[in-house]
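Chemist: with the sequence up front, the predicted model follows.
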Amino acid sequence: MTALVASVLLLVEVVILMSSPAARPQADVEDPGVSGYVLTPDGTPAAGGKVIARSGMAASTASIDATGRFRVVPPRPGVNQFLVSVPSFVPFRIAVTVPPSKSMRLPVIRVSGGAFFRVRFVTGGGEPILAPQLRRQLFDANGAPIADALADQLPDPSDTDGAITIGPLPRGSLTLAFDMPFFARTRLPDVNVTDPARNIDGGTIVIQQPGAVLNVDVVDGENKPVPNHVVVLEDPRPRSPLRFAPERTSRQGRATFDRLAAGQYRLFTTAAERCAGQFLTMSRVVPISANGTIETPLVVGGPATFRITSPLGPAMAVVVSAAPDVPTPPLPVPSRANRSGCRGTTDGDGRVTLTNFPPGPAHVDVHMANSTYMREVDVPLDRREVSIAIPDGLLPARVVNEKNDPVPGATITWTGSGGRVEATAMATGDALLEGVGSASGTLTASAPGYLQTEEPLAEPPGILHTIELRRPPRPASASVRARVMTTTGEPLRNAVVELVSTDPTAVARAALTDETGVVTFDNVPPGSSRLTVNADGFVTSTVRVAKDAANEIVFTLSRGYRAIVDVDLPAAAGPQLVRVLNDNNRSLDEILDGESDRRVEPRGRASLGWLAPGTYVLELQSAGGRRQERIRIVDRDVYATVR
């Protein structure tokens, strides 16, 4: 007999168990912890990685062991977002509804490959930058961040000319920033992945050295330096991975930011003192050149005087609030700032002076008897008085719904004549807007639970104007209800049901059936999906759900049995990959549960299940060859020994 034939010989001793329970009840796992089994695309267990279970701001972490298994105790019951990160593979995400016991076994997790991004960095002189340091963030195709371990991994060098490879990347986008000592901190072009099977070449990117220096000189309203004052710098572009540490001003009032690449940056700080009891936030966009030093003053104090008039003369004893126009500031600015502004009351000449009000763009709100008149202004650096003339004109409005019922609390806004007027509907749905002028404008109404309506008008209506708000159509989503029972009609409790959408951007979901054998998935996106049910002691069942299928899918699970294989081979045979094939030589890997071993070391044991009665082929594969043998399951577990 040849060596090749000998290498595939298999000596199998099949021992049929003499007793087996007629029915195994569904097991209840008592120890807290969600367990899982992670496989790579070729079916082998993952040899390491990390699992994060997150619920709100709380998170738990566990490692994937060398056999591909993990056990993590979720932060709390309810929906937890699980993220499975395995080196060299795309992060896998699944939303798991964790029971009060915090105990369940997840379906088998299969990670996949993704796209790779290759880019080369060079200095201004063309020299390659070896081992570059990058900041990066991943976002899925819907723009939601993927908080995985990618940012902790170093890029893989691909050659000696400074090129690196980042990945694998899932479908979505990757934002990147070059952040390395002695070089300019540089925001790189976003990497958009539409096809995870296609790699992306980022070409060659020149990084300036050492970058520009920005000196921010903070002064108060009297042009005196403000020491020990926090100044924050950020990249104003969305989803930026660039991070700059907040700086405090020196005794001379200077804060310095270095290693800046060419582009625009936004400065944030607060006023030096309170304005009517509130700290105001201010910001400024500063353009930066490639290199050199840029100095910019930042005035954080001084008075701002507004004079409010109407067609009847000065607006006396009117409450006025104002605040600088700034986007949402980053930390640590919000800890001191209040963006609602500060308030004051006009005097007999219609003037109000707000102290400690930074110069620059601001909005001023004049609170009238029935509405609020709003105007965008620019507070001058020389503290000249800002005049605001409220025009004449009234606009009575009523907001109703489709049934002609009033919509109390609705917000009605008129935009025109250089300003904006806003009012809130009373219980009757009525509101009166003052100071709307006589020119054309746009009337807008909105309310929680309704679609916003916008109506351009040639002039403000002189009579009561009715605005109809409509409720939004129901979202194009549905509920999928799975009912799981045995062949005798008994409900199966604690069966694991997994919902996977055909939409590649959707996150998989998993939950347990209740006492009646039912589980419901709400807000399922449109399109077809796949439901898979796993239960201890029963054969796995999978159903394709069409987009127009019935809301309830009934699963009838049949009794399953296990094939236990003792691998009695010498250690020199090496690790054995284990598969189960049917009579058509088709792999049954999809129906094997998380307790089924896909790889075993000689001498060891593999448990495979749950399998329906029938004939199967056990296959062991290693570097030394492939071994196969048939087994037959009738009504109990089967043991086999490989020698």
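Modeler: Alright, I've got the coordinates.
Chemist: for residue 573, give me phi and psi.
Modeler: phi -70, psi -20 (degrees, to the nearest 10).
Chemist: so how many other residues sit close to the nearest residue to it once chain neighbours are set aside?
Modeler: Spatially, and ignoring its direct neighbours in sequence, residue 573 is nearest to residue 602 (5.0 Å; Cβ to Cβ, 6 or more residues apart in numbering). Glycine gets a C-beta too; all of them are placed from N, C-alpha and C. By the criterion of other Cβ atoms under 10 Å, residue 602 has 17 neighbours.
Chemist: what do you get for residue 102?
Modeler: If we define neighbours as other Cβ under 10 Å, then residue 102 has 20 of them.
Chemist: for the nearest residue to it once chain neighbours are set aside, report the pLDDT, please.
Modeler: Counting by Cβ to Cβ, 6+ apart, residue 102 lies nearest to residue 32, which is 4.2 Å off, once chain neighbours are set aside. We note a pLDDT of 90 for residue 32 in this prediction.
Chemist: next, count neighbours for residue 32.
Modeler: Look at residue 32: counted by other Cβ under 10 Å, it has 13 neighbours.
Chemist: residues touching it, list them.
Modeler: Listed by Cβ atoms under 8 Å, 6 or more residues apart in numbering, the contact partners of residue 32 are 73, 101, 102, 103.
Chemist: ok, residue 554 - how many residues close by?
Modeler: By other Cβ under 10 Å, neighbour count at residue 554 equals 12.
Chemist: equivalent analysis for residue 410, please.
Modeler: Count around residue 410 with other Cβ under 10 Å applied: 25.
Chemist: pretty sure it is touching residue 466, no?
Modeler: No: using Cβ atoms under 8 Å, residue 410 is not in contact with residue 466, being 12.0 Å away.
Chemist: which neighbours do those two share?
Modeler: Here residue 410 and residue 466 have residue 399 as joint contacts, going by Cβ under 8 Å, 6+ apart.
Chemist: show me the protein divided up by domain.
Modeler: The record's domain parsing of the chain by automatic domain parsing lists 3-22+560-642, 37-110, 115-206, 211-390, 394-468, 478-557.
Chemist: show the end-to-end separation of the fifth one, please.
Modeler: Read that as domain 394-468. 20 Å (Cα to Cα, to the nearest Å).
Chemist: then stretch 265-280?
Modeler: With Cα to Cα, one end of stretch 265-280 sits 20 Å from the other.
Chemist: do the same with stretch 213-233
Modeler: Length of stretch 213-233, first residue to last, Cα to Cα: 12 Å.
Chemist: give me the mean pLDDT for it.
Modeler: Rounded mean pLDDT across stretch 213-233 is 95.
Chemist: phi and psi next, for residue 311.
Modeler: The phi/psi pair for residue 311 (degrees, to the nearest 10) is phi -60, psi -20.
Chemist: over to residue 571?
Modeler: Torsion angles, degrees, to the nearest 10, at residue 571: phi -60, psi -30.
Chemist: surely it touches residue 602?
Modeler: Yes: look at residue 571 against residue 602 with Cβ under 8 Å: they come within range, at 5.6 Å.
Chemist: ok, of the domains of the chain, where does mean pLDDT dip lowest?
Modeler: When I compare these, domain 3-22+560-642 is least confident, with a mean of 81.
Chemist: now do it: distance to the chain's middle.
Modeler: In terms of Cα atoms, centre = their mean, to the nearest Å, the centre of domain 3-22+560-642 is found 42 Å from the chain centre.
Chemist: with stretch 261-278 instead?
Modeler: With Cα atoms, centre = their mean as the basis, stretch 261-278 stands 28 Å off its chain's centre.
Chemist: mind listing what's buried in that stretch?
Modeler: 261, 263, 265, 266, 267, 268, 269, 270, 271, 272, 275, 278 (16 or more other Cβ atoms under 10 Å).
Chemist: equivalent analysis for stretch 353-369, please.
Modeler: Going by 16+ other Cβ under 10 Å, stretch 353-369 has these buried residues: 354, 355, 356, 357, 358, 359, 360, 362, 364, 365, 366, 368.
Chemist: I'd guessed residue 599 sits against residue 47; true?
Modeler: No: counting by Cβ under 8 Å, residue 599 sits too far from residue 47 to count as a contact (9.7 Å).
Chemist: intersection of neighbour lists for these two?
Modeler: residue 68.
Chemist: please say which of those two ends up with more neighbours.
Modeler: Between residue 599 and residue 47, counted using other Cβ under 10 Å, the more crowded position is residue 599 (21 against 15).
Chemist: could you give the bridge partners of the more buried one?
Modeler: Beta-bridge partners recorded for residue 599 (DSSP bridges): residue 577.
Chemist: all strands of the stretch 501-643 of the chain, in order?
Modeler: Per DSSP state E, counting those that start in this stretch, the stretch 501-643 of the chain carries strands over the ranges 508-512, 518-524, 529-535, 538-545, 552-557, 561-567, 576-581, 599-600, 604-611, 614-622, 625-633, 638-642.
Chemist: possible to save the ones you listed as TSV with distance to residue 452?
Modeler: Formatted as TSV, those follow (distance: least, Cβ to Cβ, whole Å):
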stretch	distance to residue 452
strand 508-512	32
strand 518-524	23
strand 529-535	32
strand 538-545	35
strand 552-557	37
strand 561-567	59
strand 576-581	58
strand 599-600	57
strand 604-611	54
strand 614-622	61
strand 625-633	63
strand 638-642	66
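Chemist: of all these, which one is nearest residue 342?
Modeler: In terms of Cβ to Cβ, the element of the strands of the stretch 501-643 of the chain nearest to residue 342 is strand 518-524, at 42.6 Å.
Chemist: which other helices and strands contact the closest one?
Modeler: strand 478-486, strand 496-501, strand 508-512 (3 or more Cβ pairs under 8 Å, 6 or more residues apart in numbering; DSSP states H and E).
Chemist: dump the shortest one to CSV, restricted to CA.
Modeler: Taking C-alpha atoms only, strand 508-512 is exported to CSV below (Å, rounded to 0.1, in the frame of the first residue of the first chain):
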residue,chain,number,x,y,z
ALA,A,508,-27.1,41.7,13.0
ARG,A,509,-29.4,41.2,16.0
ALA,A,510,-29.8,38.3,18.5
ALA,A,511,-32.3,37.6,21.3
LEU,A,512,-33.8,34.7,23.3
